[in-house]
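J.: Model the following, please.
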Amino acid sequence: MQPVFAEQHLFQRRTGTPTTHFLSGIPIKIYVIVQYIQKHLGKTFFFTDVDLVVLPEFSLKDLQIYERNDITCMNEIHAKQPYNIGCMLIRCTDETLAFFQRVLQRIQQEKLLDQDAFAQELSSFSGSFGCFHPSQFLQSNMLDENDSSYKIIQCLSSQDDPTRLLVEKVLTMATAYDITPLLHHLPQDVQDILDTEGGMRQT
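T.: Okay, here's the model as predicted:
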């Protein structure tokens, strides 16, 4: 893991009305990617959001087949655009740097959701691009109780309220493994909702 420091304003939406999502116009994710690529040209790195469940079966060797791509991301089969950038393998090249700089500029100028700006700019990307196999790297709305081959799950949420958003993500995590030892780390209001609505109690 490598630290990338960002000023607080990059975590906030610029003035104006969000165009597609309550997180539209917030550039922090792409800013971090741009900064990392600039400092590590020639390297390859694995970028993830914080809301991923990484199962013990996952190994960095699972990424080797995707190293031929300059950018690899997740499929998003239930959205208007087919890509999810919550989990990416990125090669640090001049092409990927220029691409993510364009994405960052569009987020800041047009207040787009980072994922939408990414998808719209792909047609201008001169490097190689691909997606992780959805049987192993998938979103929570693609889960199949009869399939246990997945190794990474991104916990999606349909909620705008931060507390409800976290509750939904935690309940998704609970479908993959026992999270009761972790519940005491959650804010009390989230614990209260899980206790009354989710039926989850600490033991």
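J.: OK, contacts around the residue nearest in space to the middle of the chain?
T.: The structure's the chain has its C-alpha centroid closest to residue 86; by C-alpha atoms, centre = their mean the separation is 1.6 Å. Counting by C-beta atoms under 8 Å, 6 or more residues apart in numbering, residue 86 touches 48, 49, 51, 52, 74, 154. Placement of C-beta: from N, CA and C, glycine included.
J.: What's the first helix or strand after the longest helix along the chain?
T.: Ranked by number of residues, the top helix in the chain under DSSP state H is helix 94-110. Once helix 94-110 ends, the next helix or strand along the chain (criterion: DSSP states H and E) is helix 114-121.
J.: which helices and strands sit right next to that following helix?
T.: Helices and strands touching helix 114-121, by 3 or more C-beta pairs under 8 Å, 6 or more residues apart in numbering; DSSP states H and E, are helix 28-39, strand 83-91, helix 94-110.
J.: List the buried residues in the longest one.
T.: Along helix 94-110, these residues count as buried under the neighbour rule (16 or more other C-beta atoms under 10 Å): 96-104, 106-108, 110.
J.: Can you tell me which of those residues is closest to residue 119?
T.: residue 103 (9.5 Å; C-beta to C-beta).
J.: Return the residues in contact with the closest residue to the closest one other than its chain neighbours.
T.: Leaving aside its sequence neighbours, residue 103 sits nearest to residue 117 (C-beta to C-beta, 6 or more residues apart in numbering; 4.7 Å). When the contact criterion is C-beta under 8 Å, 6+ apart, the partners of residue 117 are 30, 103, 106, 107, 110.
J.: again, only using 10 Å
T.: Residues near residue 117 by C-beta atoms under 10 Å, 6 or more residues apart in numbering: 20, 24-25, 27, 30, 85, 100, 102-111.
J.: ditto for residue 50
T.: Contact partners of residue 50, counting by C-beta under 10 Å, 6+ apart, are 86, 155, 169.
J.: Mind telling me what element the last one is part of?
T.: The secondary structure element spanning residue 169 is helix 162-174 (assigned by DSSP H and E).
J.: Following that helix in sequence, what is the next regular element?
T.: Scanning forward in sequence from helix 162-174 by DSSP H and E, the next helix or strand is helix 188-193.
J.: can I assume residue 116 is in contact with residue 82?
T.: No. Taking contacts as C-beta atoms under 10 Å, residue 116 lies outside contact range of residue 82: 11.7 Å.
J.: Comparing those two, which shows the higher neighbour count?
T.: Under the criterion of other C-beta atoms under 10 Å, the comparison of residue 116 against residue 82 puts residue 116 first, with 22 against 14.
J.: how much space between the more buried one and residue 170?
T.: 26 Å (C-beta to C-beta, to the nearest Å).
J.: go on, residue 157?
T.: Applying C-beta to C-beta, one obtains 10 Å for the distance of residue 157 from residue 170.
J.: Which of the two has more residues huddled nearby?
T.: Set side by side, residue 157 and residue 170 show more neighbours around residue 170, with 22 against 19, by other C-beta under 10 Å.
J.: Show the model's pLDDT score for the more buried one.
T.: In the prediction, the pLDDT value recorded for residue 170 is 83.
J.: try residue 34
T.: Predicted confidence (pLDDT) for residue 34: 95.
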